[in-house]
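Undergrad: output the structure for:
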Amino acid sequence: MRSLRTAARRPKDDDQRILPLINVVFLLLIFFMIVGHLAAADPFHIEPPTSISETEPGGQDHLILVGADGRVAFDGTVMDDAALVAALGGDGEQGQFRLKADGGADAVRLVEIMELMRGAGIEKVHLLTVPRDF
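TA: Have a look, this model is predicted:
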């Protein structure tokens, strides 16, 4: 009689036993899809300067990074000034350009890079900053 009692408590098949696990996995997947933010890492560490501006950047087409040591990366690829000018050559009229510079980067170096961009035909650049905490 004992064997009948244990048989009655068990689910009829393995699918019914694994269904709660599948539900939990899908709930976690949905949670991380909503909450998580996936983005490619920058080729080197950047600490942007703070700003009181509250505008948020829109979708980005091209991103230029300037490190504290003066290194430059265009769309995730570290390059020198000549390669940057060559990469920017055909994109002067296409897309938006965002400049993300380290807060400790030399201002003269930053102006040099913006002059290279102007020479390549880029007239409008968005400078990315971090909102200041008050």
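Undergrad: what about Ala86, how many residues nearby?
TA: Look at Ala86: counted by other C-beta atoms under 10 Å, it has 13 neighbours. C-beta coordinates here come from the backbone N, C-alpha and C atoms, glycine included.
Undergrad: so which strand or helix has it?
TA: Assignment of secondary structure by DSSP states H and E places Ala86 within helix 81-88.
Undergrad: now do Pro20
TA: With secondary structure defined by DSSP H and E, Pro20 is part of helix 14-35.
Undergrad: report all helices and strands that that helix contacts.
TA: With contacts defined as 3 or more C-beta pairs under 8 Å, 6 or more residues apart in numbering; DSSP states H and E, there are no secondary structure elements packing on helix 14-35.
Undergrad: need the contact partners of stretch 107-123.
TA: Defining contact as C-beta atoms under 8 Å, 6 or more residues apart in numbering, one finds that stretch 107-123 is touched by 64, 66, 70, 72, 81, 84-85, 88-89, 91-93, 97, 99, 101, 125.
Undergrad: list the buried residues in it.
TA: Buried positions in stretch 107-123, judged by neighbour count with 16 or more other C-beta atoms under 10 Å: 109-110, 113-114, 116-117, 120, 122.
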